[in-house]
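*Asks:* predicted structure and sequence below. I'll ask about it afterward.
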Protein chains: 6
Amino acid sequence: MRKISIETGVTRHAEGSCLIKVGDTHVLCTATLEERVPPFIKGTGLGWVTAEYGMLPRATNTRMRREAAAGKQGGRTVEIQRLIGRALRAGVDRVALGERQITIDCDVLQADGGTRCASITGGWVALRLAVDKLMKAGSVISDPLTDHVAAVSCGIYAGQPVLDLDYPEDSEAGVDGNFILTGAGHLVEVQMSAEGSVFSRTQMNTLLDLAEKGVGELVAAQKAATR
Amino acid sequence: MRKISIETGVTRHAEGSCLIKVGDTHVLCTATLEERVPPFIKGTGLGWVTAEYGMLPRATNTRMRREAAAGKQGGRTVEIQRLIGRALRAGVDRVALGERQITIDCDVLQADGGTRCASITGGWVALRLAVDKLMKAGSVISDPLTDHVAAVSCGIYAGQPVLDLDYPEDSEAGVDGNFILTGAGHLVEVQMSAEGSVFSRTQMNTLLDLAEKGVGELVAAQKAATR
Amino acid sequence: MRKISIETGVTRHAEGSCLIKVGDTHVLCTATLEERVPPFIKGTGLGWVTAEYGMLPRATNTRMRREAAAGKQGGRTVEIQRLIGRALRAGVDRVALGERQITIDCDVLQADGGTRCASITGGWVALRLAVDKLMKAGSVISDPLTDHVAAVSCGIYAGQPVLDLDYPEDSEAGVDGNFILTGAGHLVEVQMSAEGSVFSRTQMNTLLDLAEKGVGELVAAQKAATR
Amino acid sequence: MRKISIETGVTRHAEGSCLIKVGDTHVLCTATLEERVPPFIKGTGLGWVTAEYGMLPRATNTRMRREAAAGKQGGRTVEIQRLIGRALRAGVDRVALGERQITIDCDVLQADGGTRCASITGGWVALRLAVDKLMKAGSVISDPLTDHVAAVSCGIYAGQPVLDLDYPEDSEAGVDGNFILTGAGHLVEVQMSAEGSVFSRTQMNTLLDLAEKGVGELVAAQKAATR
Amino acid sequence: MRKISIETGVTRHAEGSCLIKVGDTHVLCTATLEERVPPFIKGTGLGWVTAEYGMLPRATNTRMRREAAAGKQGGRTVEIQRLIGRALRAGVDRVALGERQITIDCDVLQADGGTRCASITGGWVALRLAVDKLMKAGSVISDPLTDHVAAVSCGIYAGQPVLDLDYPEDSEAGVDGNFILTGAGHLVEVQMSAEGSVFSRTQMNTLLDLAEKGVGELVAAQKAATR
Amino acid sequence: MRKISIETGVTRHAEGSCLIKVGDTHVLCTATLEERVPPFIKGTGLGWVTAEYGMLPRATNTRMRREAAAGKQGGRTVEIQRLIGRALRAGVDRVALGERQITIDCDVLQADGGTRCASITGGWVALRLAVDKLMKAGSVISDPLTDHVAAVSCGIYAGQPVLDLDYPEDSEAGVDGNFILTGAGHLVEVQMSAEGSVFSRTQMNTLLDLAEKGVGELVAAQKAATR
């Protein structure tokens, strides 16, 4: 597991924010609270948590075209931000949240593999801080967050199971996976895929063991940051 | 497992084609062979297999806006077509294929849950037929397809593990997953997620057991269709 | 005239549907009924019938780029779908229909010339079936469809007038036209054009004679399908 | 027939230009000559003539949204510019033109019905002037323009056949048509349609008679302008 | 200063219009009055004046791609239309105007440098005429226009300060500026920039002196046109 | 003048980078060096410096829609990034740079007024660092940077001239300007505008005096950061 650091309160405007660093992967996460919900749940009394993801053009080794200039978000971006939103909602009691929306923006300042996992882990911290504000203000009565949510990637690299892949490992791993778990160790989402390869259930279980260990460290860091 | 039917040769233009029906989910899959590859692998000697996915506007119970009219493919579409391409490439020897590209188009004529899984299973059949043509023509020497690739969804619905979810089951399942396996039973991709819920490793293993059984039936149907 | 076949009830979701085959041109037509109208006629008591048209990427001999991926509908698509909507409205009593909208989706599964004409002829069948449902439900009192509407293309190919051009004929015809008529033989729309050529009124009348004959056969097929 | 005026040489940059006024419909037409052709005819030795069409936002009674701001050309615009290009090509010997392209831009400064017809008639004048330059420069040997091309709209308004509809007539005509003819009186394109109505062959012939008369006047105006 | 001509009432639909010619730069300016305001000022009692700018594709020496076909307005267009709107609002008492919007469309028919300045000068005339109509109709009581607004460009060309740059001067000027002033000689906006060069405060003052003189002539032309 | 801090080397991938803080305005600036130039200067031997600008969605008090999700860069963004590029090029000897391109990305992490000025000042530092690398590598012989370039905003707020406006001041200033100067105190670009107001030459000169002073401090900070 690479070195984890989570610095909170990094922007003065957002209701919650943190800069999470997992090794050389740095993601700025902000939470925006709005007293309105998307049309499809209006009037249901339920809240909504959603996420958006972006990378600065030179977060990577080679400059990527700015998506705003390209005129659309790429497929990878869309896939990732849907994942972040889904993951965070797994730890939210939407009845307790009430009819309001929290948008988590995850912007990668520097990338070295595992940006989607860092976004989920850091995004949860921003979410926690925004919900704390809501609770302090008395806007919600019982805590809408049911548990921590954190994520780590694992893969088979050079024949060996590896926890928390950095970019060079990730780009050469035959099999890699993203594992999202709660603080209590329950599974929220598992994505394992092999690019031009296959894997066995044994390998899958080995990676899951690693992931449980890694998420434990991440949750500890979340606790330290939001204590 | 719902009733499976795979009818091949359904369009006269494509190099390979089939209409796959898994219950009330009907997907038209075509394979287009081109003697050119995308820029990022030009000159490497490697081939490429990619996929595109679409749904007719009234494939669903309520008419959806035509993506061409909306001016972009939605996030769900992009996510699915990336998955189909990745899955099929897991069964392809890209050196044996040589510098040519095969595009699999999966268009859903009628939807009742599991369209991405049916697209992968049917897409493999279209791919097989196009590759057969290449081999008959002597354009490739050894078979570029290393094994079957097929996919099935499973989930926890009303507290019970269910194989091959239809739309009503899928939309109410707390946990659902897509499992892509080879003919030999190796794993290619596993995606499990819980919308507003969590799951255990035991549940995961139960669903994997079901998936292995379901994919066995799908592979048998692929064999019958391409014999 | 090529062989005509119209199979109804081909999708379980749409209010009306058919798969029309005119030779090797196959178009899936669905009718979607909505109890709302576009803003420009809200409150007028009038109904609306509109159409959308698409081609699967490999409906043609060479794969065409998917319009949803390209980010817009091409000029040819827009032109055709406007034509289909206009043609079908010519056979509709919009007062009798009442303030509701019927959208006809025409998706070409396989193309061999005359796709816009097949779309109109098949689109009318889907419309008829959807309106039948409305009438059975007692939602409309008098039949909003005043007559059949069907279309055929004719052209001058190799110096000879030809009815119902297939793709090879169409692409080499100096003069070609699309003729839309009602069941009673009245004209709804006539489009004749010469690509890099000209034509006389005599030629125009010869083609119209052919078209009247062809539409007669199409209307008979519509009647058989909707009886 | 409304009053026709064609003023040539109205912009100093274009190879050919005119401002055509048909009653209160005013269209600025320019011809741009380029020594290159679109990819699909490269190397064939053939030339190409194409057209683009636009309306200033306040060319109409109510301001329309600027298409550049809306981010795309509307269906009507696309339909019209395809028609203009097709019509003008009917009068061009593409072998004589040689591998070069002429783009006709038709921009409506003020609209009062019949803008597509005025664009064709004025566009031909701009084309003639640009071709004259080519001939004077000795770049082409024989005249690539085989004849005049001009267009007029006719319709049934208040039960009466009317030549050259203005906007109030056009918007209430049950049947209207656009007729494109050559100087010799041959037909190039005929488009007749009935919005929510039908028409007979007799009515069609009456409108064609009117159109022949109208185009005669337009061709005379073209001759006077380009003498 | 190049020859200035302002012809008013050039389109029959717009509430105010003029064709301004500054040398070979010709811009058609129209004012559209609407009894509604943008959402951000709804209910404030304030009016709004905004502008849009466009160039016909062949307004320039080389044909430019039509922005509507390109699918978006270029950066230069956006920059210019924001400038025009801001400039004109400087001369408007938005309380006196009341909750209504006037949109100024500036479309360049022929370009030879200084199109944004001519658009502002001509746009003010169109605005004046539209406001005159409002006043004549008694819809506003006190004149919402507080003063004339006009603009001119100046630059350092071949080492010499030059007033009202034409295109050849503009494209080679090391330093050029756009100066927007009121009839009373107050400054509204100053934009001076050096492409790959620098300038001194002395040079800046020299150009401002020239600009004051130039705007004086332009305001005189505005007065003559709107008397 | 608010507190200035410039931290260099903040991302490991870019050829040059800094995080500039001017009060509560924080901008991350990176320089990307590429051994290719845009088509319009290919083969001229000249280099190119260009810039792109963006704001994180929650850099501001109220969350703004992500431009990548909106599908285009707003007018303000386009205007600003054109300004940054132009400003930086004023300090570049493009012959000495040779045929290579440097792209400056300025991404606002937190905004409190003056983001475009901070982007220019910080962008110059990133540019300086990237050019230093080029020189160390011996790729260029003489220094392509001819001088520092830095920018500050000034305005009239509550009747008083104010240097370096923060957001509350900026949004209520009747007159505000952006002043871009070189290290030697030469002017590069001046933009002064009055929203719904006017200003005098005296006021302009007062603001210029302030700007000269402010830029002096900024250049000192640049020197300290790049020593």
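*Replies:* Looks like it arrived, so ask away.
*Asks:* so who does the most far-flung residue of chain A relative to its centre touch?
*Replies:* In chain A, the residue that sits farthest from the middle, by Cα atoms, centre = their mean, is A:Gly43; the gap is 28.4 Å. Residues near A:Gly43 by Cβ atoms under 8 Å, 6 or more residues apart in numbering or on different chains: A:Glu99. In this view, the C-beta of every residue, glycine as well, is placed from N, C-alpha and C.
*Asks:* any idea which element it lies in?
*Replies:* Assigned by DSSP states H and E, A:Gly43 falls within no helix or strand.
*Asks:* quick one, phi psi at it?
*Replies:* phi 80, psi 0 (degrees, to the nearest 10).
*Asks:* how near is it to chain D?
*Replies:* Computed as Cβ to the nearest Cβ, to the nearest Å, the A:Gly43 to chain D distance reads 32 Å.
*Asks:* quick one: residues contacting A:Leu56.
*Replies:* A:107-109, F:28, F:30, F:54, F:105, F:107.
*Asks:* make CSV from those residues and add distance to chain D, neighbour count and secondary structure to it.
*Replies:* Listed next are the contacts of A:Leu56 as CSV, based on distance: Cβ to the nearest Cβ, whole Å; neighbours: other Cβ atoms under 10 Å in any protein chain shown; DSSP: H, G, I helix; E, B strand; the rest coil:
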residue, distance to chain D, neighbour count, secondary structure
A:Asp107, 26, 26, strand
A:Val108, 28, 21, strand
A:Leu109, 31, 22, strand
F:Leu28, 30, 29, strand
F:Thr30, 30, 30, strand
F:Gly54, 20, 28, strand
F:Asp105, 25, 28, strand
F:Asp107, 25, 26, strand
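*Asks:* and the top helix by length along chain A, what does it pack onto?
*Replies:* Criterion DSSP state H: the longest helix present in chain A is helix A:201-226. Helices and strands touching helix A:201-226, as assessed by 3 or more Cβ pairs under 8 Å, 6 or more residues apart in numbering or on different chains; DSSP states H and E, comprise strand A:4-8, helix A:115-136, strand A:149-157, strand A:160-163, strand A:175-182, strand A:187-194, strand B:187-194, helix B:201-226.
*Asks:* ok, the first one: who's next to it in the sheet?
*Replies:* Read that as strand A:4-8. Here strand A:4-8 has these sheet partners by DSSP bridges: strand A:16-22 (antiparallel).
*Asks:* ok, residues contacting the strand it pairs with?
*Replies:* A:2-11, A:26-31, A:109, A:114, A:117-118, A:121-122, A:125-133, A:164, A:225, F:58.
*Asks:* hmm, try it at 6 Å
*Replies:* The contact list for strand A:16-22, computed with Cβ atoms under 6 Å, 6 or more residues apart in numbering or on different chains, reads A:2, A:4-8, A:10-11, A:27-31, A:114, A:118, A:122, A:125-126, A:129-130.
*Asks:* go through the contacts of A:Leu56 and name the one nearest B:Thr206.
*Replies:* Using Cβ to Cβ, A:Val108 comes nearest to B:Thr206 of the contacts of A:Leu56, at 36.4 Å.
*Asks:* any idea how far the closest residue to that closest one other than its chain neighbours lies from chain D?
*Replies:* The spatially closest residue to A:Val108, leaving aside those adjacent along the chain, is A:Met55, at 4.3 Å (Cβ to Cβ, 6 or more residues apart in numbering or on different chains). A:Met55 sits 25 Å away from chain D, going by Cβ to the nearest Cβ.
*Asks:* A:Leu109 is in contact with A:Met55, correct?
*Replies:* No. With contacts counted by Cβ atoms under 6 Å, A:Met55 stays clear of A:Leu109, the gap being 8.7 Å.
*Asks:* related to what we said a few turns ago, okay, the helices and strands packed on helix A:201-226, which one's buried deepest?
*Replies:* strand A:149-157 (a mean of 27; mean count of other Cβ atoms under 10 Å in any protein chain shown).
*Asks:* the one helix or strand A:Gln81 maps to vs chain F: in contact?
*Replies:* Using DSSP H and E, A:Gln81 falls within helix A:75-89. No. Helix A:75-89 lies apart from chain F when judged by Cβ under 6 Å from any Cβ of the partner chain; the minimum separation is 7.3 Å.
*Asks:* what's the angle from that helix to strand A:187-194?
*Replies:* Relative orientation of helix A:75-89 versus strand A:187-194 (axes from the mean of the first three to the mean of the last three Cα atoms, to 10 degrees): 150 degrees.
*Asks:* show me what helix A:75-89 is packed against.
*Replies:* If contacts are counted by 3 or more Cβ pairs under 6 Å, 6 or more residues apart in numbering or on different chains; DSSP states H and E, helix A:75-89 sits against strand A:48-55, helix A:115-136, helix B:75-89.
*Asks:* residues in contact with the second one: which ones?
*Replies:* Read that as helix A:115-136. A:6, A:15-18, A:20, A:22, A:25, A:27, A:29-31, A:33, A:80, A:84, A:87-88, A:102, A:104, A:106, A:108, A:140, A:144-145, A:149-153, A:178, A:218, A:222, A:225-226.
*Asks:* if you average pLDDT over that helix, what comes out?
*Replies:* If you average the pLDDT over helix A:115-136, you get 98.
*Asks:* so how far is it off the chain centroid?
*Replies:* 9 Å (Cα atoms, centre = their mean, to the nearest Å).
*Asks:* same question, the last one
*Replies:* Centroid separation between helix B:75-89 and its chain, computed with Cα atoms, centre = their mean, is 8 Å.
*Asks:* between strand B:48-55 and that helix, find me the angle.
*Replies:* 140 degrees.
*Asks:* list the buried residues in helix B:75-89.
*Replies:* Neighbour-count burial for helix B:75-89, with 16 or more other Cβ atoms under 10 Å in any protein chain shown as criterion, is recorded at B:77-89.
*Asks:* go through those and name the one nearest chain A.
*Replies:* B:Val78 (4.0 Å; Cβ to the nearest Cβ).
*Asks:* the closest one contacts A:Val78, doesn't it?
*Replies:* Yes. Using Cβ under 6 Å, B:Val78 is in contact with A:Val78, at 5.3 Å.
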